[in-house]
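Novice: Need coordinates for the below:
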Amino acid sequence: MGPLLIVSFSRLEQDARVRRQVSLLAPDNHTVTAAHGPAVPEAAEHVELPLPPTGSRRKVRFYTESALLRIRAYRLLYWTDPTVRAARKALRGRDFARVIANDIESVPLALSLADASRVHADLHEFYPGLHDDNPRWVKLRKPYLEWLIRTYATKAASATTVGEGVRTAYAPFDLPLEIVTNAPAYRSLAPTAVHEPIRLVHAGGAMPGRKIELMMKAAAATTTDLTFTLYLTSSSPAYLTQLRDLAAELGPRIRVEPAVPATELLDRLHDYDVGIHLLPPTVTNQALALPNKFFDFVQARLGVIVGPTPGMASLVEKHDLGAVTEGFAVEDIVAVLDALTPERIAAWKVAADTAAEELSAERQTPVWAAAVGRLGA
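Specialist: Below you'll find the predicted structure:
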């Protein structure tokens with residue numbers, strides 16, 4: 001059988017989900033990756049896709065896109081996108097037996113490279129809910145994303161997404177979605193003793209819509225003796241600066257540190273006691289979230305504190321992993337932090353250890369293997 005293409009408009013070193021696809025499928029396939037940035041070691045070949053335009057070219061494209069969105073020239077909008085055009089040129093003339101398309105933006109490209117019966121679409125998000133707090137985005141961009149889903153994603157032979165909430169949201173599109181969560185590979189780690197003071201940790205992107213400052217203010221206000229360390233990527237440099245300034249104002253128990261490479265993250269998290277992630281439902285996609293970091297906390301054998309986001313809250317409660325706050329306000333978080341004790345946290349860590357195998361990639365990725373095995377059959 002010919003080569004398997006895994007295509008994503010992301011950087012592989014920053015995209016744990018796509019790397020898991022490569023690790024799973026490379027041993028039994030001649031796997032070609034096409035993405036921004038450098039290759040990952042497992043792939044047989046890598047096609048480095050050019051990054052999106054910057055500076056004046058980006059500004060010109062912005063105005064072009066705005067005009068095309070207003071007249072709903074969606075097909076022209078997609079195929080004139082500089083990133084898509086560059087990827088199409090880079091892959092021109094190649095013959096792929098099967099293709100995995102990551103995120104909705106790569107699905108039309110994949111269908112231009114292989115027959116629909118040989119394409120699998122992995123939808124990482126609920127795209128119509130990405131920025132639905134913005135009326136202009138809802139008016140212009142949301143219909144375009146819905147068009148991409150109906151016109152292209154529905155043609156793929158198979159499809160997966162990250163959780164039950166996202167699958168339910170996609171129900172009106174009649175997509176044949178299976179679920180592969182964002183769980184990392186199982187790690188054989190033992191729970192550590194609870195530290196004094198308690199070590200609270202968060203790791204992820206510094207994005208304004210996530211309202212990370214609420215967790216920081218709560219950690220500063222709690223009566224519990226703890227420290228709170230945040231490992232943040234500079235997804236929004238201005239917001240990250242605001243968070244650093246806030247940490248300095250709140251005092252020494254709050255620290256904002258640079259992001260840790262994905263290959264080192266679990267070992268770093270293992271030095272903590274409780275992972276915390278509250279994601280206010282400012283947009284639909286956040287209300288449906290079941291992110292990497294939740295599963296990272298479990299594999300690191302930490303207790304877990306989350307807000308009442310259904311996907312995360314249900315797993316915390318099912319496995320007794322930690323606590324779910326009543327809401328997303330500072331006082332809701334403080335109430336949970338005030339109730340922390342070393343004994344409760346020790347029990348959560350043991351529960352994480354018990355659940356770690358079930359909540360690992362090894363229990364999830366066979367869905368991808370089976371789907372790819374059926375392509376072209």
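
Novice: SS state for Q286?
Specialist: helix (DSSP: H, G, I helix; E, B strand; the rest coil).

Novice: Do a quick rundown of the helices in the stretch 51-200 of the chain.
Specialist: Here the stretch 51-200 of the chain has its helices, by DSSP state H, counting those that start in this stretch, at 55-70, 74-79, 82-91, 107-113, 135-151, 164-169.

Novice: where's the last one relative to the chain centroid, distance-wise?
Specialist: Taking the mean of its C-alpha atoms, helix 164-169 sits 15 Å from the chain's own mean (CA atoms, centre = their mean, to the nearest Å).

Novice: So which elements touch it?
Specialist: Judged by 3 or more CB pairs under 8 Å, 6 or more residues apart in numbering; DSSP states H and E, the packing partners of helix 164-169 are strand 177-179, helix 310-319. All C-beta spots, glycine's among them, are computed from the backbone N, C-alpha and C.

Novice: export those to JSON lines and tack on distance to V304?
Specialist: Shown next, in JSON lines, are the helices and strands packed on helix 164-169 (distance: least, CB to CB, whole Å):
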{"stretch": "strand 177-179", "distance to V304": "20"}
{"stretch": "helix 310-319", "distance to V304": "6"}
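
Novice: is it possible to export these to CSV including mean neighbour count, distance to L375 and mean pLDDT?
Specialist: Shown next, in CSV, are those (neighbours: other CB atoms under 10 Å; distance: least, CB to CB, whole Å; pLDDT from 0 to 100):
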stretch, mean neighbour count, distance to L375, mean pLDDT
strand 177-179, 17, 14, 97
helix 310-319, 18, 28, 97
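
Novice: H270 is nearest to which of these?
Specialist: Distance to H270, taken as CB to CB, is lowest for helix 310-319 among those, at 18.3 Å.

Novice: what does that closest one rub up against?
Specialist: Applying CB atoms under 8 Å, 6 or more residues apart in numbering, the set of residues contacting helix 310-319 from outside is 163-165, 277, 279, 287-291, 294, 304, 306-307, 321-324, 351-352, 354-355, 358-359.

Novice: Which members of those are positioned in helices?
Specialist: Judged by DSSP state H, the subset of those located in helices is E164, G165, A287, F294, A351, A352, T354, A355.

Novice: Could you find which two of the residues you listed are furthest from each other?
Specialist: A287 and T354 (28.4 Å).

Novice: From K293, how far out is the closest residue to Q299 other than its chain neighbours?
Specialist: Of all residues not flanking Q299 in the chain, R187 sits nearest, at 4.8 Å (CB to CB, 6 or more residues apart in numbering). Distance, R187 to K293, by CB to CB, to the nearest Å: 15 Å.
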